[in-house]
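S.K.: fold the following.
(one chain, ligands or ions: 3)
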Amino acid sequence: MIILKFGGTSVGTPEAIVKTVDIIIEASEQKRVAVVVSAFGGVTDALIQIAKAAAAGQPYTEALQKIIRRHCEVWQALLPQKTSSESTIEPLLTELQDIITGISLIREVSPKTLDLVTSFGERLSASIIAQVITARGTHAEYLDARSVVVTDHQFTRALVQKEITYENIQKYFASHPNLQVITGFIGATPNQATTTLGRGGSDYSASLFGAALGAGEIQIWTDVDGVLTADPRKVPDAFLVESLSYEEAMELAHFGAKVIYPPTMVPALESHIPVRIKNTFHREVPGTLINSVPTVSEQPIKGISSMKNIALLLVSGGGMVGISGIAERLFASLAKEQINVILITQASSEYSICLAIERSQAERAKEVIEAAFALELQSGLLNPIKVEDRVAIIAVVGNGMREKPGSAGRLFQTLGKHHINIMAIAQGSSELNISAVIREADEERAIRVLHDSFFFPRKKILHLFVIGTGLIGGALLEQIKNQWAALKEDQTITLRIIGIMNSQGMILNPNGIDLSAWKQTLSAEGLSSSLSTMIETIRSLNLPSSVLVDCTASEEIAAKYEEILKCGISIVTPNKKANSGSLARYQTLKKTAKETGTWFLYQTTVGGGLPIISTLRDLIASGDRITSIEGVLSGTLSWLFHSFTAGTSFGALVKKAKDQGYTEPDPRDDLSGMDVARKLLVLAREAGLQMELSDIQVESLVPEACKHAASIEKFWQCLPQADHVFEERRKNSTMQGKKLCYLASLKNSVATVRLEMVGPEHPCYNLSGTDNLIAFTTDRYREQPLIIRGPGAGAEVTAAGVLADIIRLAKYS
Ligand code: ADP
Ligand code: ASP
Ligand code: MG
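M.R.: Numbers count the residues shown, from 1 in each chain. Ligands and ions are numbered 1, 2, ... in the order given. Predicted coordinates for the structure are as follows:
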């Protein structure tokens, strides 16, 4: 016998039910099986809401009709040949409606009534599924668990009386050999009042039936591949855990891994029945096997789980020191009120005890403790009870922690490194789990960083927000997409694009945007573009290692860099606006990055993809002293002057450069020399000089007459007038055996950008294409300068340079 349990996620839609029924029929052809089902996904929540609304005199009819319609639609979709009069669900739906009407009339819903209301979810679902299976040719019977599962009177979380329940189940199955489709989650008191076993309790029902019938395996079919290393909705890198011990599974579940309900393990463990978690939608995946065999794994831990909506209560005072029985009284008072304590820590001084409980019970717990210790509080032996609201618990779980020291250290270190404050910590005496209480706002970031640190200790995950998808931004996204496979293989770096923004709109996805379809997603689902919303989202998502990649030339964005760095977000950019703006801003940004532990990388602001800035930094960092920097820093001007040979006119050459796409839309931006001056300024500052743009002597190549041309057309018309000036300079240099070259130079703290003549001995004499060239003369490179040469512009190489900065950040941050 095998028990197959299908959760709400497996019976949420007609398509899912078809898959579920396929699995049941196939299994029943091989072995005797019994099936336990949950309510359709979301139905239990909806029923609770409806009952509460009815009791509060609020509107509920629409929600109730929706539930009714949903069941009828599934019925009609899967059992079309049945007429509605044959429908067994109709009486159930009518009864449900009557009960809700009753609640709305008496304006009250007790836990007992609530259990009766929620029981309809499982009763409807099991009843429909039994008929669908029968309609497919395998005779199946509906079993209402209330006729066999006997519980106490703790409505909404009733305790099962196992002995009598097992006996009932065995008797029932002995006389009912057909396939049973059983309602999960529900039971009844000895006097037939409907009870439920706690939210998520269908797993427990399956385990009970398994234990009673001596099943060979209990299979929990759900919508994930098994138990994963963390909740996949919170940690996109979570992966399948192949096997767990019952204890490990119980700990993970206790601290929030909803995939299994913690008590489920108890009957299975008692009867040594393996539990397997499987995915209804990926049947071929083997899933997770939970049994008593302790498994060894490379990592010390098996998984990380977390719980929100927790409150921390601090009971402290001198009256607790050395006095026995305080803890006992404390827990007894809470237990009496059925307040469930999730975690306890006591300082070794015995001066304080910290308790974590569900937030909804915090007020009540405080009152209970205050009543139990009224005298001690009055006399000052105990301090007023403190409640910390809005906290979360994260727990790392695994058998391996027993043998391997250092897990607690790693947990502290990782959280500390990411500025996540630990408010309390507890380690189970079995060393199976370490749990920490943190601020609720840090919960998601905490599990992500812990997941990385425990499972991918050598891997760095960066969360990227890309602004600007023009030539460079577009090429960058394309390169990241193409590198995807290689980066995935790389055990050290993962790049995840969380946000993309351009002037048309923006998209955000905390789990990563699919780069193969980002354009379609942007046009179909994009929000309107807003820099402030983007920054606010980056801040509130609070993802570890967030990086803003600014691929624009926008001053508006550059103006926000300081604010962005202050939020702990690094910046990578080819935008020169910030680092070649005022010295004060440059210095503030550098200082802010240092103080906040972030990075501000802008390699591509000089020489596109060429490693100019990084080389300069390496030289300085290794103790070298720069004596001069000289070179050609404009691909456009590089091309213009080495193409300027006898018989060509300068004006025509500029036009040709424009036509070939080498110039800015307005070539005056290239010819003015200001772009080169800004690049030189960046290098000067990088070399340690406190320089402003106005300190650089710049020779503009825009002829005086054309400077004020009203339009580009006018500029083209007047440009040839200056041809003879350039021609004269060319002839002059040729006569001296030299060539013209637009050089940037920094020597003895003097920075100049101008057209010069260079002889064959000069490294820039033989430039070709749109090559840039930079020569560093230093103490070490005294005789021969250190030269970097190559294409200094172009979307592809610049994007590659931006990517190199991103990778650098991942490697060294
Ligand atoms: P069902 O309706 O099948 O009972 P649940 O919603 O109760 O399904 O549980 C499955 C969900 O549990 C998954 O969709 C997943 O989001 C969540 N979950 C939380 N933690 C984990 C984990 N460690 N491994 C797998 N799933 C988890
Ligand atoms: N339907 C119940 C719930 O949603 C029980 C279950 O799904 O396990 O809590
Ligand atoms: Mg569940």
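
S.K.: okay, CA-based contacts and neighbour counts for the rest of this
M.R.: Noted.

S.K.: could you list every residue that touches I24?
M.R.: If you count contacts by C-alpha atoms under 8 Å, 6 or more residues apart in numbering, I24 has them with L4, V35.

S.K.: does ligand 1 sit close to the helix or strand where it lies?
M.R.: Per DSSP states H and E, I24 falls inside helix 14-30. No - using C-alpha under 6 Å from any ligand atom, helix 14-30 never reaches ligand 1; the gap is at least 11.4 Å.

S.K.: export that helix as CSV, just CAs?
M.R.: C-alpha atoms of helix 14-30 as CSV (Å, rounded to 0.1, in the frame of the first residue of the first chain):
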residue,chain,number,x,y,z
PRO,A,14,-8.8,21.3,-14.1
GLU,A,15,-5.5,20.8,-15.9
ALA,A,16,-3.7,20.1,-12.6
ILE,A,17,-6.4,17.7,-11.6
VAL,A,18,-6.0,15.8,-14.8
LYS,A,19,-2.3,15.4,-14.0
THR,A,20,-3.1,14.3,-10.5
VAL,A,21,-5.6,11.7,-11.7
ASP,A,22,-3.1,10.4,-14.2
ILE,A,23,-0.6,9.8,-11.4
ILE,A,24,-3.3,8.1,-9.3
ILE,A,25,-4.4,5.8,-12.0
GLU,A,26,-0.9,4.8,-13.0
ALA,A,27,0.1,4.1,-9.4
SER,A,28,-3.1,2.1,-8.7
GLU,A,29,-2.4,-0.1,-11.6
GLN,A,30,0.9,-1.2,-10.0
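
S.K.: buried residues in that helix, which are they?
M.R.: By 16 or more other C-alpha atoms under 10 Å, the buried positions in helix 14-30 come out as P14, A16, I17, V18, K19, T20, V21, I24, I25, S28.

S.K.: how about stretch 592-601?
M.R.: Neighbour-count burial for stretch 592-601 [16+ other C-alpha under 10 Å]: T592, A593, T598, W599, F600, L601.

S.K.: check stretch 431-440 too.
M.R.: Buried residues in stretch 431-440, counted by 16+ other C-alpha under 10 Å: L432, N433, I434, S435, A436, V437, I438, R439, E440.

S.K.: want to throw those residues into TSV with secondary structure?
M.R.: TSV is the format used below for the buried residues of stretch 431-440 (DSSP: H, G, I helix; E, B strand; the rest coil):
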residue	secondary structure
L432	coil
N433	strand
I434	strand
S435	strand
A436	strand
V437	strand
I438	strand
R439	strand
E440	helix
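
S.K.: among the buried residues of stretch 592-601, which ones are in strands?
M.R.: Among those, the members falling in strands (DSSP state E) are F600, L601.

S.K.: got the buried residues of stretch 592-601 as CSV, with distance to L610 and pLDDT columns?
M.R.: Below are these laid out as CSV (distance: C-alpha to C-alpha, whole Å; pLDDT from 0 to 100):
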residue, distance to L610, pLDDT
T592, 26, 96
A593, 24, 94
T598, 23, 92
W599, 19, 94
F600, 18, 96
L601, 14, 96
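
S.K.: ok, and E664, which helix or strand is that part of?
M.R.: Counting by DSSP H and E, E664 is found in no helix or strand.

S.K.: surely it touches L671?
M.R.: No - applying C-alpha atoms under 8 Å, one finds E664 not in contact with L671, separated by 9.7 Å.

S.K.: who's more crowded, the two?
M.R.: Comparing E664 with L671 by other C-alpha atoms under 10 Å, the one with more neighbours is L671, at 22 against 13.

S.K.: do you know the pLDDT at the more buried one?
M.R.: Looking at L671, its pLDDT stands at 94.

S.K.: and for I564?
M.R.: For I564, the predicted pLDDT is 94.

S.K.: check for me that it belongs to a strand.
M.R.: No - applying three-state DSSP, one finds I564 to be helix, outside a strand.

S.K.: and for it, the neighbour number?
M.R.: 23.

S.K.: how much space between D22 and ligand 2?
M.R.: 20 Å (C-alpha to the nearest ligand atom, to the nearest Å).

S.K.: distance of that residue relative to S28?
M.R.: The gap separating D22 from S28 is 10 Å, by C-alpha to C-alpha, to the nearest Å.

S.K.: I appreciate the help and will end here.
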